[in-house]
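Engineer: Here's my sequence, what's the structure:
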Amino acid sequence: MKTVITSEYEALFRQHFRLATLYAERIVGSAHEAEDIVQEVFIALLDVDFSQIRQKESYLYRCVRNAALDHLHARMTVSYTHLRAH
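Structural biologist: Prediction:
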């Protein structure tokens, strides 16, 4: 199935990618990891029906926040498992 990128999606990406990356960086503490997180969020948003979302910017930042927190949780779980193994 071909993904169609709408002008609304493209505008959201252009206007918020950098700020969303900085927001994620404040949560995870790494610019590289933050950029990966935001890229993954935007890829996931390709499957979202934007016509059903009223506050698109708020939705984006909520998704970024949740993805960053999930990333931190996964990192902490790996660290804890590694510590327990030794």
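Engineer: Return the list of helices and strands in contact with the longest helix anywhere in the chain.
Structural biologist: Identified as the longest helix of the chain according to DSSP state H is helix 56-85. Using 3 or more CB pairs under 8 Å, 6 or more residues apart in numbering; DSSP states H and E as the contact criterion, the elements in contact with helix 56-85 are helix 7-28, helix 31-45. (C-beta placed from N, C-alpha, C; glycine too.)
Engineer: And those: which comes nearest residue 54?
Structural biologist: Relative to residue 54, the nearest member of the helices and strands packed on helix 56-85 by CB to CB is helix 7-28, separated by 12.4 Å.
Engineer: before we move on, the earlier item: in TSV, list the helices and strands packed on helix 56-85 along with mean neighbour count, mean pLDDT and distance to residue 72.
Structural biologist: Conversion of the helices and strands packed on helix 56-85 to TSV gives the following (neighbours: other CB atoms under 10 Å; pLDDT from 0 to 100; distance: least, CB to CB, whole Å):
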stretch	mean neighbour count	mean pLDDT	distance to residue 72
helix 7-28	15	96	6
helix 31-45	17	97	9
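Engineer: These into CSV, with extra columns for distance to residue 75?
Structural biologist: Formatted as CSV, the helices and strands packed on helix 56-85 follow (distance: least, CB to CB, whole Å):
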stretch, distance to residue 75
helix 7-28, 8
helix 31-45, 9
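Engineer: Quick check: which of these is nearest to residue 56?
Structural biologist: Closest of the helices and strands packed on helix 56-85 to residue 56 is helix 7-28, at 5.8 Å (criterion: CB to CB).
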